[in-house]
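Peer 1: Show me the folded form of this:
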Amino acid sequence: MQRLVEGTLVLGQVSQINPQDIAIALPNNLVGYVSMTRISPHLTKAIERIVERDEDDETDEDQQLPSLDQLFSVGQWIRTIVVENTTTKSRDKSTKKHIELSLEPKLVNASLNLDDIVPKSLLQVSVTSIEDHGIIVSFGLGELTGFIKKSALGPYKIDDIHEGQVFLASILHRAKNNVVQLSLDLKSTKTQIGDVTDIASLLPGDTVQCLISEVRAVGAGGKIMGMLDATIDKTHIGSTSIAENKLLTARITAAFPAAEPRRVTLSVLPHVLDLEVAKTATGQSPLDALPVGFIVESTKVTEVVEDQGLYVDVGVEGVRGFVHVGPSPDGSLITDIATFRSAGGLPSPEFGAIQGVLGSPRTDYRLQSCRQPLLALIRTACPRATIPTTRRRHNRINSRRHNREDSG
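Peer 2: Numbers count the residues shown, from 1 in each chain. Model (predicted):
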């Protein structure tokens, strides 16, 4: 969380829509928040007009704001920039952890070189005008504007679009007469960008090729176009085969402009590459298959990551669990993962129930154990998390599949 300093650009997914703000799911089980005044200039000005309006004035329909659930949908991908992170400003452990984000195109597109506005790359846009044949959008890049035809609105209908609304859009053609043709169908962005004049133009959401130069227990590192440093966290490698000198197609998930040299993080997870919502093998949402508070009756440790935690099989195809090793109340690690490894923790027999899913709408899930032999190791992994005192609908995940494997 402390790596997300102000100015960091992050690819996120809308996870919750509230009356006054939206929650954005970020990589590695983090969540940021976007207030109504950090979405687009048009929306901010509309809010200011309403605040300044005299109470005696008659209500004007033109001054009515659309609700946030009219502007966004859960699962929508968006490019964000960190404008405040409380953990980077205070070392006081009692300070509430909070990441404040902005979606304003002027901020998230700021480092983009105009010569690098090329087909199949992504731009964040805000709607400035709705016309008969499409919508006019702004990038926050001077006089350059964009146009999205009605036929290129993808999953959206023009009647449902509002001025001030923000989208990630795919570039169809280079700018002509200061107008860029775009589409809200993002499938074409899965093709990697060929070349850019400035590596600062490679932003979260763009698809690139990375040459792997190092593979570590916690992930891998490499170079994009031979110039830009990139890392892939183990969580975002998934089941993809990875090796040194291998060329991977990946999507940028974060960019750190303040780092010297500049660097980015990547993901090769299928749903990130496709910019889709993560699904289990049966097509369910992961948090429908494993709701927060769900009791997992039996699990099996499949992998140990030093000083980080354990990956476990939770019995749902397409979803695996992650047991995070967190700090104890005195700030030290609760145990040494290497000790667990030497004690025969990997591979492991089933080690008992998982107390509950602690929740995150992404591929890996933080879990907490409630039985021996891993009680001391895992039970304090997430000391601030709260688990429902009652079992949700008395649900269980039975371990028949594990039993068949053990008996076989």
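
Peer 1: in the stretch 201-350 of the chain, which spans are helices?
Peer 2: Applying DSSP state H, counting those that start in this stretch to the stretch 201-350 of the chain gives helices spanning 270-273, 286-289, 337-340.

Peer 1: ok, Tyr311 touching Phe322?
Peer 2: Yes: counting by C-beta atoms under 8 Å, Tyr311 touches Phe322, with 5.7 Å between them. C-beta: built from backbone N, CA, C; applies to glycine.

Peer 1: what stretches of this protein score poorly on pLDDT?
Peer 2: Residue ranges of the chain with pLDDT under 70: 1, 54-63, 89-95, 307, 325-408.

Peer 1: what residues go with each domain of it?
Peer 2: Following automatic domain parsing, the chain resolves into domains at 9-105, 114-190, 201-273, 286-407.

Peer 1: of all those, which lies closest to Arg3?
Peer 2: Closest approach to Arg3 among the domains of the chain is made by domain 201-273 (7.5 Å; C-beta to C-beta).

Peer 1: got the end-to-end distance for the closest one?
Peer 2: One end of domain 201-273 to the other measures 19 Å (C-alpha to C-alpha, to the nearest Å).

Peer 1: before we move on, what about stretch 288-302?
Peer 2: In stretch 288-302, first residue to last residue: 23 Å (C-alpha to C-alpha).

Peer 1: Now render the domains of the chain as CSV, adding mean neighbour count and distance to Thr280.
Peer 2: Shown next, in CSV, are the domains of the chain (neighbours: other C-beta atoms under 10 Å; distance: least, C-beta to C-beta, whole Å):
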stretch, mean neighbour count, distance to Thr280
domain 9-105, 16, 15
domain 114-190, 17, 21
domain 201-273, 18, 11
domain 286-407, 17, 4
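
Peer 1: Using JSON lines, lay out these together with distance to Lys279.
Peer 2: As requested, the domains of the chain are exported to JSON lines (distance: least, C-beta to C-beta, whole Å):
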{"stretch": "domain 9-105", "distance to Lys279": "11"}
{"stretch": "domain 114-190", "distance to Lys279": "16"}
{"stretch": "domain 201-273", "distance to Lys279": "7"}
{"stretch": "domain 286-407", "distance to Lys279": "7"}
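
Peer 1: Surely Thr87 touches Glu6?
Peer 2: No: counting by C-beta under 8 Å, Thr87 does not reach Glu6; the two are 11.7 Å apart.

Peer 1: what's the distance between Pro41 and Val127?
Peer 2: Look at Pro41 and Val127: by C-beta to C-beta, to the nearest Å, they are 11 Å apart.

Peer 1: can you point me to the longest helix in this structure?
Peer 2: When the chain is parsed with DSSP state H, its longest helix is helix 41-52.

Peer 1: And that helix, how far out from the chain middle?
Peer 2: 29 Å (C-alpha atoms, centre = their mean, to the nearest Å).

Peer 1: Tell me which residues are up against it.
Peer 2: Here helix 41-52 makes contact (C-beta atoms under 8 Å, 6 or more residues apart in numbering) with 36-38, 63, 65, 71, 104, 106, 126-128, 138, 140, 163-164.

Peer 1: Off-centre distance for the helix or strand just after that helix?
Peer 2: Later in the chain than helix 41-52, the nearest helix or strand by DSSP states H and E is helix 68-71. Offset of helix 68-71 from its chain centre (C-alpha atoms, centre = their mean): 19 Å.

Peer 1: what's the answer for stretch 121-137, then?
Peer 2: Relative to the mean C-alpha coordinate of its chain, stretch 121-137 is positioned 24 Å out (C-alpha atoms, centre = their mean).

Peer 1: if we can go back for a sec, of the contacts of helix 41-52, which belong to strands?
Peer 2: Counting by DSSP state E, these place Ser126, Val127, Thr128, Ser138 in strands.

Peer 1: any idea how far Arg174 is from the residue nearest to Pro204 when sequence neighbours are not counted?
Peer 2: Using C-beta to C-beta, 6 or more residues apart in numbering and skipping residues adjacent in sequence, the residue nearest Pro204 is Leu11, 3.7 Å away. From Leu11 across to Arg174, the span is 24 Å (C-beta to C-beta).

Peer 1: for Val127, same thing?
Peer 2: Distance check for Val127 against Arg174: by C-beta to C-beta, it reads 22 Å.

Peer 1: what does Gly75 give?
Peer 2: Gly75 is 30 Å from Arg174, by C-beta to C-beta.

Peer 1: Ile50 now?
Peer 2: Taking C-beta to C-beta, one finds Ile50 at 39 Å from Arg174.

Peer 1: Angles on the backbone of Ala200, please.
Peer 2: Phi and psi for Ala200, reported as degrees, to the nearest 10, are phi -70, psi -10.

Peer 1: Not counting residues beside it along the chain, what's closest to it?
Peer 2: Ser111 (4.2 Å).

Peer 1: Next, the one you found: phi, psi?
Peer 2: Backbone torsions for Ser111, taken as degrees, to the nearest 10, come to phi -90, psi 0.

Peer 1: wait, it sits on Asp206?
Peer 2: No: when contacts are counted by C-beta under 8 Å, Ser111 is not listed as touching Asp206 (11.9 Å).

Peer 1: any idea how far the residue lying closest to Thr265 once chain neighbours are set aside is from Ser183?
Peer 2: Closest residue to Thr265 apart from its sequence neighbours, by C-beta to C-beta, 6+ apart: Ala254 at 4.5 Å. Shown here: Ala254 relative to Ser183, a distance of 24 Å by C-beta to C-beta.

Peer 1: same thing with Gln2?
Peer 2: Remark: distance between Gln2 and Ser183 (C-beta to C-beta) = 37 Å.

Peer 1: swap in Leu71?
Peer 2: 19 Å.

Peer 1: go on, Ile199?
Peer 2: According to C-beta to C-beta, Ile199 stands 25 Å off from Ser183.
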